[in-house]
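Colleague: Fold the stuff below for me.
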Amino acid sequence: MDRDEHDRFQWVHSPLQSDGLATRPLASEYAHILLECLREVCARAEIPIIRKELWPLGKPVAGCLSHDVDVVRRGKLPRGVAVRDVTGMLSSVGQGRLLRAAGQAATITRTVFDDRDPYWTFDQIGAIERSYGYRSTYFFMATNNHPEDVRYRLGEPRMARLLRELSELDCELALHGSYASYADGASLRRQRALLEEQARQEVAGHRNHLLRFRVPDSWRAQESAGFSYDSTLGFADHEGFRGGSAFPFYPYDLVLERRMDLLEIPLTVMDATLRKYRRLQGNEAEMAILAVLDEALAVGGLATLLWHNDSFYDPEFPGLSHLYEAALAWLSERDAYVGTCREIDRWWRSREAVELSPLEGGRRGWRLTAPEEIEGLVLRVWLPDPRSLLRLRGQVPIALRRDGSDHLLEFGRLPVGSSVEIEYS
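Modeller: Residues are numbered from 1 along each chain as shown. The predicted structure follows:
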């Protein structure tokens, strides 16, 4: 049996569970090797090379920040006090463990006199991310028809206020598909419409609850529901690159023999993976996160993080908020491009749409055409003769600089329909 109680394919049954493969994006590694081989062959044959850098402004790696909002209330008693807290304290008293009971009573007291529920950590999350200049995507569930679904309702005043506040902070609101809808396109379409009604904006993205996913049924359902991207593909029980890719990709439907228009933004590491499944803490957990980030950096790829809002309540989940901050610090120190899932989706589509074609009339060089608006595109050009000069013609701002033997062409905003000639002599 290779699927768990939630019908999820498990890492433990994957070929990636072999030693040394757990956190490696193998498909991206092979692509990186092929690119290096191609460059060497072109250099020997004195064939010029031009290619689009992977991320805006030529950043060396990218990060995508996200939060699944599963619970917003810690307990059913007033002020978010959980029944388990009270019964636990009474049990400690009955067993004569008075010191433990005193600690539990102190926790209950802090919860009662705090202004907000312990799991309502959205201000804390926002403050952490803004300190680095980052924003994130929040996945909200729109229905609660299954015991595994959420208990909040988007129409509640505090939830409506939260959606508005997050939007005002330029965070993205996306759909957290319900437990039973991971392969139900009609249900996902209804849920998307409900969230759009409450959020008063378009909802472009999706991630299913508990990472429930089945290839290719889930992708087909998401595409039919009108989503631009999904970010579910990942292992619940281990960090790493389930699809073998450290980059967004368009799934291919083998039955219908076509590339889907849905973009998959693979999930790299989740807080619950470290705490619940891997049972890692402290330095060991931090090293596990940094290992997958290093793998993404090695191929110039993307690392997608998922941290639930309740994980920032340190008394119950000690250390998880620190791990998130450590990941953000790593991204900042390496000058990563960091965005919401929607920003990653838009960039990847716009970058792909940029066309490079040979110049006409026997001239040496290329013509760049941008059918969609894009900002921050960088082209890397290698010419066989180091004495060659580049001439650029176009009505857009371009910065030209060198990186060793390569020319880097950094564009500002390329409006829809922009055309630039890149000629060399």
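
Colleague: End to end on stretch 352-370, go ahead and measure it.
Modeller: 10 Å (CA to CA, to the nearest Å).

Colleague: Please work out the average pLDDT along that stretch.
Modeller: What stretch 352-370 shows for mean pLDDT is 97.

Colleague: Looking only at that stretch, what residues are buried by neighbour count?
Modeller: Within stretch 352-370, the residues that count as buried by 16 or more other CB atoms under 10 Å are Val354, Gly365, Trp366, Arg367, Leu368, Ala370. The C-beta positions use only the backbone N, C-alpha and C, and glycine is treated the same way.

Colleague: residues touching Arg190, list them.
Modeller: By CB atoms under 8 Å, 6 or more residues apart in numbering, the contact set of Arg190 is Thr143.

Colleague: least trustworthy helix or strand in the chain by mean pLDDT?
Modeller: Every helix and strand of the chain was ranked by mean pLDDT, DSSP states H and E. The lowest is helix 98-113, at a mean of 73.

Colleague: Helix or strand next in line after that helix, which one?
Modeller: Reading on from helix 98-113 to the C-terminus, the next helix or strand found by DSSP states H and E is helix 122-130.

Colleague: Mind giving me the packing neighbours of the helix or strand just after that next one?
Modeller: Per DSSP H and E, the first helix or strand lying C-terminal to helix 122-130 is strand 137-140. Contact here means 3 or more CB pairs under 8 Å, 6 or more residues apart in numbering; DSSP states H and E; on that basis strand 137-140 packs against strand 62-69, strand 172-177, strand 205-208.

Colleague: out of those strands, which comes closest to Asp7?
Modeller: Closest to Asp7 of the helices and strands packed on strand 137-140 is strand 205-208 (CB to CB; 10.9 Å).

Colleague: Now do the SS call for the residue lying farthest from the centre of the chain.
Modeller: The C-alpha centroid of the chain is most remote from Gly96, which lies 47.7 Å away (CA atoms, centre = their mean). Put simply, Gly96 is coil when judged by DSSP: H, G, I helix; E, B strand; the rest coil.

Colleague: phi, psi of it?
Modeller: Reported as degrees, to the nearest 10, the phi and psi values for Gly96 are phi 80, psi 10.

Colleague: Tell me which residues touch the nearest residue to Tyr152 once chain neighbours are set aside, please.
Modeller: Leaving out its chain neighbours, the residue that sits closest to Tyr152 by CB to CB, 6 or more residues apart in numbering is Val72, at 5.1 Å. Going by CB under 8 Å, 6+ apart, Val72 touches Asp117, Tyr119, Trp120, Tyr152, Arg158, Met159, Asn309.

Colleague: Can you tell me which of the residues you listed are classed as buried?
Modeller: Asp117, Tyr119, Trp120, Tyr152, Met159, Asn309.

Colleague: any idea of the pLDDT on Leu77?
Modeller: At Leu77, pLDDT is 67.

Colleague: for the stretch 1-150 of the chain, which spans come out with low pLDDT?
Modeller: Scanning the stretch 1-150 of the chain with the threshold set as pLDDT under 70 gives 1, 19-20, 76-80, 82-85, 110-115.

Colleague: Sort out which residues of stretch 299-318 are buried, please.
Modeller: Buried-residue list, stretch 299-318, by 16+ other CB under 10 Å: 299-313, 317.

Colleague: just checking, which of these belong to helices?
Modeller: Here DSSP state H is the test, and these give no hits in helices at all.

Colleague: out of those, who's nearest Ala199?
Modeller: Distances from Ala199 to these, taken by CB to CB, are shortest for Asn309, at 16.9 Å.
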